[in-house]
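[1] sequence below, structure please.
(one chain, ligands or ions: 2)
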Amino acid sequence: MKTAAIIGGGVIGGGWAARFLLNGWDVRVFDPDPEAERKIGEVLGNARRSLPGLGNVALPPEGTLTFHGTVAEAVTGAEWIQESVPERLDMKQRVYGEIQAHCAPDAVIGSSTSGFKPSELQAGRDNPGQIVVTHPFNPVYLLPLIELVTTPANTQGVIDRAKEIISSVGMYPLHLKKEIDAHVADRFLEAVWREALWLVKDGIATTEEIDNAIRYGFGIRWAQMGLFETYRVAGGEAGMKHFMAQFGPALKWPWTKLMDVPEFTDELVDLIAGQSDDQSGHMSIRELERARDDNLVGMMRALGANDFGAGALQNAHDLTLETEAGLSRGMDGVDVTQPILTQSRVVPLDWTDYNGHMNEARYLEAYSQATDRLMIIIGCDADYIANGGSYFTAESHVRYLDEAHAGDAIEVKTTVIQGGGKKMHLWHEMFVGDRLVSTGETMLLHVDLKTRKTSAPAPHIETNLVKIAEAHAALDAPEGLGRGVGAPR
Ligand SMILES: NC(=O)C1=CN([C@@H]2O[C@H](COP(=O)(O)OP(=O)(O)OC[C@H]3O[C@@H](n4cnc5c(N)ncnc54)[C@H](O)[C@@H]3O)[C@@H](O)[C@H]2O)C=CC1
Ligand SMILES: C[N+](C)(C)CC(=O)CC(=O)[O-]
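    Residues are numbered from 1 along each chain as shown. Ligands and ions are numbered 1, 2, ... in the order given. Next comes the predicted model:
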């Protein structure tokens, strides 16, 4: 079992604890705050409700979470140590002293620091090479970016290990070419923050109006394409050069007050805090966190459907989870004498509806994914489809037998009723634990994607399908097979 130590379990440390725990790591926490266990419990609650359904493949079983009274105890046996104590250099350096007195010399110590350079954290340490900056984004359990900042004191081995571990928990290590105060992303956030403070102070816009300017416009755009790709498109057919020719002169116009920081007077703090209360004070922080998480999951899943940006990253992570989830990509290791596991996932937040359960359309989506999996198993994979052969669905019938809810782990097991020639007749059963919640029957026909007409599958596909169909013919006929809706008129 892999073990991570979390030193400092506030907003960010709690998020790291959840990220590791839900990806199957044992997590050992040290935080002197007597409220730390409760606060981490709140963060974990949010994470358990949102992260498992982010992707389309089940996460490994959760690790074990333990709390410890000393740094020494927490770091014992940990291969990853994540420091997330308050943003004070003297405190961080003191904490590294304690950590390094007790941790394994080859453990990686990542710092969540928003702004300190790794050379500042490593200064004065006997083993500086084990300390790197691994700067996350809130909520750490959902957002994949980690700014990995290193110095020449870090060996390639430590850097590779850090990248490997960060990727293994579904995150993206952005390794900076050089260290710099506030890394890359926080320099942007700081620029936007400074500009926003001016706009409020000068009475140009309220906190709510500024948030609307972001969330109704460029914020959604940035979430999928970032800055440069967005501006490339904004240049029209002539692209980036035309964009710069048009907007380059603005650099000399008074379009920003960036280098000039408004004084943080009590008056400005009260103005901003008051406007923020007017804007969002009707919701608790936990309610706001849940709204944020629902939106993030929905947005990232939409990006996943387009295999783009953060969604593409999640899709790639799903591929690494398949084997442990019991899902196959070929006939090897598939027990054809039993219905075949074709889905192992969690019901995501965006699959539920006003009735508080999984929406009817999503059952069909799950069955569509189960069919896709069976197609991959028999060899009808992306390469085969790119060469012009595939299956089209001709008819489906779904029965809703029991409820499934957000966060439920669901499995689909598939029986091949008929397979041979152009036809593929499948019977899907969906389970939550041992509970059968739905069945889906579907008839598919093999097609030639060029002519859009039915055609015979390639011999290897038919051989595999027939092998499964023949083995499944020995199973009892499923209850409900061939049923229609109500009596015919
Ligand atoms: N809040 C944010 O949006 C982000 C913060 N960060 C960085 O993460 C770090 C932590 O920030 P937050 O979690 O926001 O702060 P926080 O105030 O929520 O949590 C800090 C935690 O450290 C604990 N702590 C204090 N002294 C400690 C010690 N000697 N040993 C162990 N734990 C100790 C506190 O009890 C508290 O629970 C900072 O370096 C910050 O810059 C990074 C990304 C985003
Ligand atoms: C405001 N902040 C500097 C603490 C922000 C971060 O470090 C990253 C984030 O999650 O916004």
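[2] going forward, measure contacts between C-alpha atoms and count neighbours the same way
    Fine.
[3] for residue 318, helix, strand, or coil?
    helix (DSSP: H, G, I helix; E, B strand; the rest coil).
[4] who's in contact with it?
    Contacts here follow C-alpha atoms under 8 Å, 6 or more residues apart in numbering; on that basis residue 318 touches 55, 56, 57.
[5] nearest to ligand 1, of the residues you listed?
    Distance to ligand 1, by C-alpha to the nearest ligand atom, is smallest for residue 55 among the contacts of residue 318, at 23.2 Å.
[6] quick check: that closest one touching residue 301?
    Yes - using C-alpha atoms under 8 Å, residue 55 is in contact with residue 301, at 7.4 Å.
[7] what's the closest non-adjacent residue to the residue in the stretch 151-300 of the chain that ligand 2 sits nearest to?
    Among the residues of the stretch 151-300 of the chain, residue 186 lies closest to ligand 2, at 5.6 Å counting by C-alpha to the nearest ligand atom. Spatially, and ignoring its direct neighbours in sequence, residue 186 is nearest to residue 114 (6.9 Å; C-alpha to C-alpha, 6 or more residues apart in numbering).
[8] that's a strand at residue 488, yeah?
    No - using three-state DSSP, the secondary structure at residue 488 is coil, not a strand.
[9] tell me who's in contact with it.
    Contacts of residue 488 (C-alpha under 8 Å, 6+ apart): none.
[10] tell me which element residue 211 is part of?
    According to DSSP states H and E, residue 211 maps onto helix 207-213.
[11] in that helix, what counts as buried?
    Residues of helix 207-213 classed as buried: residue 207 (neighbour count, 16 or more other C-alpha atoms under 10 Å).
[12] chain center to it, what's the gap?
    27 Å (C-alpha atoms, centre = their mean, to the nearest Å).
[13] please report phi then psi for the one residue in the stretch 301-450 of the chain that gets nearest to ligand 2.
    Residue of the stretch 301-450 of the chain nearest ligand 2, by C-alpha to the nearest ligand atom: residue 310 (15.5 Å). Dihedral pair for residue 310: phi -60, psi -30, per degrees, to the nearest 10.
[14] name the nearest residue to it, ignoring sequence neighbours.
    Nearest non-adjacent residue to residue 310, counting by C-alpha to C-alpha, 6+ apart: residue 300, 6.2 Å away.
[15] what does stretch 35-46 rub up against?
    Residues outside stretch 35-46 that contact it (C-alpha under 8 Å, 6+ apart) are 9, 10, 11, 14, 15, 17, 18, 67, 289, 290, 293.
[16] in a strand, the first one, correct?
    No - with three-state DSSP as the criterion, residue 9 is assigned coil and is not in a strand.
[17] for it, give its distance to ligand 1.
    Taking C-alpha to the nearest ligand atom, to the nearest Å as the measure, residue 9 falls 5 Å from ligand 1.
[18] wait, that residue sits on residue 28?
    No - the criterion here is C-alpha under 8 Å, and residue 9 misses it with residue 28 at 10.3 Å.
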